[in-house]
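Give me the fold of what follows.
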Amino acid sequence: MQLFLILLAVLALIAVLMYNSLIGKKNQVENIFAGVDAVLKKRFDLIPNLVASVERYMEHEKATLENVTELRAQGMKPNLSDAQKIAIDTKLTAALGSITVAMEAYPDLKANENVMHLQRSLHEVEEQISAARRAYNQAVTDLNNAIEMFPTNLMAGWMNLSRRAVFEITAAERQNVDVQKLFDR
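Model prediction:
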């Protein structure tokens, strides 16, 4: 009887440890995604300043600027799912890259102190976003592993935990950038 109680106590302890581990991993994913959101918000706040600064120099890039503004508006909408935020972020990253490359064609714009400051700020935010994405992807991978590996998969199923999506780049973003093509638009 005493052996049975000890075995039962060990099993209960294991169940509690697995439960707490899964909750910790789930909360870490949510916390890191909130950090990604904070950096994305910072980026969204910088975009109007960047667009206003470069708009007069880049009339022929108007479509790109309008696309960035539209994507920013979409990204600021409340109640977006994580998947929608990831998709908008991917599109916005590509559009901002186009503006940065196009700015190289305007020496006066490059020399403008406000634009240079905004460009540095945007670059810093992009680095922060990149770091936040890596941290998020690692936390999601840890959670997904725990959800799929035995015996925590049993506890995860009982808790109704499901896999989370990681930030991924599109196939187009994996290709080398043809800078000349960007200037020819």
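
Low-confidence bits of this structure, can you list those?
53-62, 101-115, 172-185 (pLDDT under 70).

Nearest the geometric middle of it, what residue?
Taking CA atoms, centre = their mean, the centroid of the chain lies closest to R133, which sits 4.7 Å from it.

Check whether that one really touches A165, as I assumed.
No: with contact defined as CB atoms under 8 Å, R133 does not count as touching A165 (12.0 Å). C-betas here are computed from N, CA, C, even on glycine.

Helix or strand for the closest residue to R163 other than its chain neighbours, just tell me which one.
Sequence neighbours aside, N144 is the residue nearest to R163 in space, at 5.0 Å (criterion: CB to CB, 6 or more residues apart in numbering). Take DSSP states H and E as the rule and N144 turns out to sit in helix 113-148.

Show me which residues of the very next helix or strand once past that helix are buried.
Where DSSP H and E defines the elements, the next helix or strand beyond helix 113-148 is helix 152-158. By 16 or more other CB atoms under 10 Å, the buried positions in helix 152-158 come out as 152-153, 155-156.

what's the closest non-adjacent residue to Y136?
Nearest residue to Y136, sequence neighbours excluded (CB to CB, 6+ apart): I32, at 4.6 Å.

mind listing what that neighbour touches?
By CB atoms under 8 Å, 6 or more residues apart in numbering, the contact set of I32 is 132, 135-136, 139.

Can you show me the strands along the chain?
Counting by DSSP state E, the chain has no strands at all.

next one: the longest helix along it to chain centre, how far?
In the chain, with assignment by DSSP state H, the single longest helix is helix 2-55. Taking the mean of its C-alpha atoms, helix 2-55 sits 14 Å from the chain's own mean (CA atoms, centre = their mean, to the nearest Å).

swap in stretch 144-163?
On CA atoms, centre = their mean, the centre of stretch 144-163 falls 24 Å from that of its chain.
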